[in-house]
Structures are given as C-alpha cells and as structure tokens.
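Q: sequence and predicted structure, then a few things I'm wondering about:
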Amino acid sequence: MSNTPFHLAFPVASLIETRDFYGDLLECSIGRTSEKWIDFNFFGHQITAHLKPEEVRKAAANEVDGDQVPVRHFGAILDWEQWEALAEKLRQHDIVFVIEPHVRFKGQVGEQATMFFLDPSGNALEFKSFKDKSRIFAAE
C-alpha cells in the first residue's frame with residue numbers, strides 16, 4: 001500500500017506559539033507562510049495552521065478503552081522507537097498529556113501505543129505506534 005500525503009487545515013490562536021510548537025518541539029519543517037497561516041511538513045503530510053482564534057474550541061470526548069479520547073484530533077503513526085523518543089521528549093518539555101503514553105488494547109488485534117496532548121491552541125493530537133504495522137487497519 002502506498003501512502004498518499006493528506007492535507008489538513010485547522011484553526012489556531014497564535015501563529016508564533018504554533019510555529020514554536022510544531023516547528024521547534026515536533027520538528028516539522030515549515031513551508032509557505034503568510035501573516036494568516038503556516039504550512040508544516042507533518043511527518044510527510046501537509047498541515048496548515050490558520051490564524052482564526054474565534055474558531056478554536058475544546059473537543060468533546062468519547063470513552064475508548066477506559067480513556068476519554070478527544071473526538072476531534074489528528075496525529076501520526078510512528079515507528080515504535082520514534083514514538084518512544086517523542087514521548088520522552090514531550091515529558092522533558094513538561095507537556096501535559098490528555099492521555100498519558102501507554103499501550104491500548106493489549107493482546108488484541110488493535111494493540112497500539114498511544115498518547116494524546118494539546119497544541120497551544122487546544123487542538124488535540126494523537127501519536128500512535130503499532131509493533132506490527134500490518135495491524136493498522138485490521139478489523140479482527
């Protein structure tokens with residue numbers, strides 16, 4: 001299966017804080033910019049942060065495997081070692097986790113490492129990893 005990059009646009013309250021968070025902390029390279037938006041290379045995908053403070057709001061949550069998962073979220077599926085390194089880096093930068101890094105669905109087809117945290121505008125991000133990437137879309 002080949003992966004086609006996706007594009008996602010989302011609202012932010014501050015372009016400066018957003019640039020620091022995605023560019024510096026998450027190490028996403030910066031593409032085109034204006035005084036109203038910034039493009040980032042988000043793990044091979046294009047995301048665009050649009051300055052629109054009035055659109056920023058907290059996501060509602062649903063229970064998933066005992067956790068309150070923000071319904072509106074995005075993220076990336078990383079290699080296991082990359083996921084562990086990111087979790088450690090976030091801890092070192094005192095990022096507050098919405099859902100602490102842990103393994104969900106242990107012993108099941110969908111077993112995965114996951115963590116949730118917020119960007120400076122409150123947008124929820126999930127980073128996950130599968131030891132067996134063939135299980136990413138497995139139903140059973």
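A: Great, that's in hand. Numbering: from 1, shown residues only.
Q: check the gap between W83 and N62 for me.
A: Using Cβ to Cβ, to the nearest Å, W83 is found at 22 Å from N62. Every C-beta, even on glycine, is put in place using the N, C-alpha and C of the backbone.
Q: neighbour count for those two, which is higher?
A: W83 (21 against 10; other Cβ atoms under 10 Å).
Q: go ahead and confirm H45 touches F6.
A: Yes: shown here, H45 and F6 form a contact pair, counting by Cβ atoms under 8 Å, at 5.0 Å.
Q: more neighbours, those two?
A: Just comparing H45 and F6: by other Cβ under 10 Å the higher neighbour count belongs to H45, 16 against 11.
Q: show me what contacts that one?
A: H45 makes contact with 5-8, 76, according to Cβ atoms under 8 Å, 6 or more residues apart in numbering.
Q: who does it form a beta bridge with?
A: According to DSSP bridges, the residues that bridge with H45 are F42.
Q: next one: A124
A: Judged by DSSP bridges, the bridge partners of A124 are H73, L118.
Q: could you measure from it over to A61?
A: Plainly put, A124 is 9 Å away from A61 if you go by Cβ to Cβ.
Q: go on, D24?
A: When distance is defined by Cβ to Cβ, D24 is 28 Å away from A61.
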